[in-house]
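A.B. asks: next comes the sequence, and after it the predicted model I'd like to discuss.
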Amino acid sequence: MDYGWLSLLPPLIAIILAIKTREVLFSLLFGIYIGWVIVEHWNPIHAASSTVAVLLKVTRKEGNTEVLAFSFLVGALIALIQRSGGLEGFVRLVKRRGLVRGRRSAGILSFLIGVFVFIESNINALVIGTVSRPIFDRLKIPREKLAYICDSTAAPVCILIPLNAWGAYIIALLANEGVDKPLFFLLRSIPLNFYPLFALLILLFVILTGRDIGPMVEAEKRARTTGKLLRDGAVPLISAEVTALSPKEGVKPRAVNMLLPVVVMLGMMPISLYITGKGDIMKGAGGLSVLWAVATAVGVASLIYFGQRIFNLKEISSLIVKGMRGMMSLVIILALAFGIGETCRTLGTGVYTASLLSRGLPPFFVPALLFLTACFISFATGTSWGTFAILIPIGVPLVSAIGGNLPLTLAAILGGGVFGDHASPISDTTLVSSMASACDHIDHVRTQLPYAAIAASIAFILYLVLGFLFL
């Protein structure tokens, strides 16, 4: 059934409500319910039943289950590392070696970590948050700034260095459309993928100059003048009882107790991709590989802490449960985000939006409009990969018919898809960035959005100009 403009209501209502009220759980649940009210022909009772059914469905769906399990294990890993003295030891090591002397060098360190950890976007955000949060806290840098760095070096880096599941997925979509040499065209699109390029350049400018805009100015002022890393009333996506864990009494803080589990997690990611891809790392299962990597890190951390006699088995079990309990809020929000994504697929939100493209477009406007369409779909649905799956089968035949530039068109679709992954409050990467930095989620979205909007505006103008020049 074609729901037309009504298909746009659930994601728009959820996003506007979340930003306006700061009540993410209620906003997402209400958006899902409205979607099923539409599907069930305005029957509120049937809609309530369908809302429950879709939430049960998405939590059992392969990929989603892995992300939810990964989130629980992240809490366990953070609790173990903090209580073992690993974070405290790392902060002392950084201070002793003079690696971070101030706010700028702390930002540069986080930026470089984000650039080099390009294997998977969630792992990227997690590593930055784990390594940088104690340093940022000591320097009184607001959690919103750390979340911004985590998020801006996740999807943007992964799409620009596609030696990962992102690259394999896009190549498969292009090959399915009959594109000869899809890797060649993907590589040619990278210099034209303006949104992630400018998102990274703007982030680097902010780090180097210390100049901020919008709500981030208030966050920085609050942290500098009052020392408050979070605003009054903020609710971080990871429980304070996990992030505030102090090292166990009598335990000497050692950096290796943090660095070793993190290195194991990073090392397990390509190994897991290789195994799940049956010998081809580019075809590996990203979600399952992340779960394996974090689970291995938790196991290694438990073994080394037990071997050092820091914890006994009962203490390890207790910390793992405590850490997982501290992630409950994030897991519920993720499940609701998956639920509204499934609701949008049922309503055909992305397909309806994309269908508007076919209404008498001037050829030179195609790349810019595809970019805008990708931005809207990805922001409304919270998924870049879903956006790619909708628009690449539309964009490739369209550009062939009008004789346009395929790398430019592909870059516009990919960049627009990354915008939503980067900026949408219902994107799993945005949620994980809030979690990794222990930041209030809506505060992260509000402070990051102006920077994302600037990068998107520059990209739109460039696609408009190049679309005219390449015609």
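C.D. replies: Looks like it arrived, so ask away. Numbering: from 1, shown residues only.

A.B. asks: kindly report the domain assignment for the chain.
C.D. replies: 4-61+330-469, 64-329 (automatic domain parsing).

A.B. asks: for these, give me CSV that also has mean neighbour count.
C.D. replies: All C-beta spots, glycine's among them, are computed from the backbone N, C-alpha and C. Converted to CSV, the domains of the chain look like this (neighbours: other C-beta atoms under 10 Å):
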stretch, mean neighbour count
domain 4-61+330-469, 21
domain 64-329, 20
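
A.B. asks: for these, give me TSV that also has mean pLDDT.
C.D. replies: Converted to TSV, the domains of the chain look like this (pLDDT from 0 to 100):
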stretch	mean pLDDT
domain 4-61+330-469	88
domain 64-329	87
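
A.B. asks: tell me who's in contact with the most centrally placed residue in the chain.
C.D. replies: In the chain, the centroid-proximal residue (C-alpha atoms, centre = their mean) is residue 429; its distance is 1.4 Å. Contacts for residue 429 (C-beta atoms under 8 Å, 6 or more residues apart in numbering) come out as 121, 122, 125, 151, 154, 155, 421, 422.

A.B. asks: which one of the residues you listed sits closest to residue 280?
C.D. replies: Nearest to residue 280 among the contacts of residue 429: residue 121, at 20.0 Å, using C-beta to C-beta.

A.B. asks: out of the contacts of residue 429, name the ones that lie in strands.
C.D. replies: For these, not one is inside strands, with DSSP state E as the criterion.

A.B. asks: so of these, which ones are in helices?
C.D. replies: The helices, defined by DSSP state H, take in 121, 122, 125, 151, 155, 421, 422 from the contacts of residue 429.

A.B. asks: could you identify the most distant pair in these?
C.D. replies: Within the ones in helices among the contacts of residue 429, 122 and 422 form the most distant pair, 13.1 Å apart (C-beta to C-beta).

A.B. asks: which residues are in contact with both of the two?
C.D. replies: Taking C-beta under 8 Å, 6+ apart as the contact rule, residue 122 and residue 422 both touch 154, 429.

A.B. asks: could you dump the ones in helices among the contacts of residue 429 into TSV and include distance to residue 218?
C.D. replies: Below are the ones in helices among the contacts of residue 429 laid out as TSV (distance: C-beta to C-beta, whole Å):
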residue	distance to residue 218
121	28
122	28
125	23
151	19
155	26
421	26
422	21
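
A.B. asks: what's the closest of those residues to residue 45?
C.D. replies: Among these, residue 421 lies closest to residue 45 (C-beta to C-beta), at 35.4 Å.

A.B. asks: residue 447 sits in which helix or strand?
C.D. replies: helix 441-469 (DSSP states H and E).

A.B. asks: ok, residue 389 - contacts?
C.D. replies: Going by C-beta under 8 Å, 6+ apart, residue 389 touches residue 173.

A.B. asks: got the contact list for the closest residue to residue 446 other than its chain neighbours?
C.D. replies: Once flanking residues are discounted, residue 446 sits nearest to residue 215: 4.9 Å by C-beta to C-beta, 6 or more residues apart in numbering. By C-beta under 8 Å, 6+ apart, the contact set of residue 215 is 144, 443, 446, 447, 450.

A.B. asks: repeat for residue 456
C.D. replies: Here residue 456 is in contact with 195, 375, 419 (criterion: C-beta under 8 Å, 6+ apart).

A.B. asks: cool, thanks, talk later.
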